[in-house]
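Peer 1: Predicted structure and sequence below. I'll ask about it afterward.
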Amino acid sequence: MTTLTGSCRCGQVRVAVRGDPVRVGICHCTDCRQESGSAFTFFAVWPTSEFQSKGEPSEYAGRQFCPKCGSRLFSLSGEEVEIKLGILTDAPTPLKPTYELWIKRRETWLTPVEGAEQFDEDRL
């Protein structure tokens, strides 16, 4: 079983996740843009049972981040964890988005991810 590892920039908080994700996506919503400081966020979701973290992250609005360096890390929601894929140790990641959210807010110079399902807003 594959294990992916990652950390914040300073290394104070580390994560590991086993197996394949439930889903992989990109989100262009205002919250994700503000949180990432970028045009979108790239993330994947796993069952919490396959996730481990070490260190003491801080939390804001359900999102975990490093209190020392400020890196955005993950969000826990019930039985799932959403990990920001930019924190993974190995880049490029082998994961490819299967969907894009909030494409009505996607920058005009960005093209849709080939083969990814497109949603004007949320998936639901």
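Peer 2: Yep, that arrived.

Peer 1: what does the lowest-mean-pLDDT helix or strand in the chain rub up against?
Peer 2: Least confident helix or strand of the chain, by mean pLDDT, DSSP states H and E, is helix 30-36 with a mean of 94. Identification of contacts with helix 30-36 by C-beta atoms under 8 Å, 6 or more residues apart in numbering yields 39-41, 63, 72, 84, 102, 105. For glycine as for every other residue, the C-beta is placed from the backbone atoms N, C-alpha and C.

Peer 1: Filter those down to the buried ones and hand me the PyMOL line.
Peer 2: Restricted to buried positions by 16 or more other C-beta atoms under 10 Å, the PyMOL selection for these reads:
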select buried, resi 40+41+63+72+84+102+105
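
Peer 1: Among the contacts of helix 30-36, name the ones in strands.
Peer 2: 41, 63, 72, 84 (DSSP state E).

Peer 1: residues contacting the last one?
Peer 2: Taking C-beta under 8 Å, 6+ apart as the contact definition, Lys84 lies against 36, 41-43, 72-74.

Peer 1: Quick one: residues contacting the residue nearest to Gly25 when sequence neighbours are not counted.
Peer 2: Nearest non-adjacent residue to Gly25, counting by C-beta to C-beta, 6 or more residues apart in numbering: Tyr99, 4.9 Å away. For Tyr99, the contact set (C-beta under 8 Å, 6+ apart) comprises 23-26, 116-119, 123.

Peer 1: Present those as CSV; the columns should include distance to Trp109, pLDDT and neighbour count.
Peer 2: Converted to CSV, these look like this (distance: C-beta to C-beta, whole Å; pLDDT from 0 to 100; neighbours: other C-beta atoms under 10 Å):
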residue, distance to Trp109, pLDDT, neighbour count
Arg23, 26, 97, 15
Val24, 22, 98, 19
Gly25, 20, 98, 25
Ile26, 15, 98, 23
Ala116, 17, 98, 16
Glu117, 21, 97, 13
Gln118, 17, 98, 12
Phe119, 20, 98, 17
Arg123, 24, 89, 10
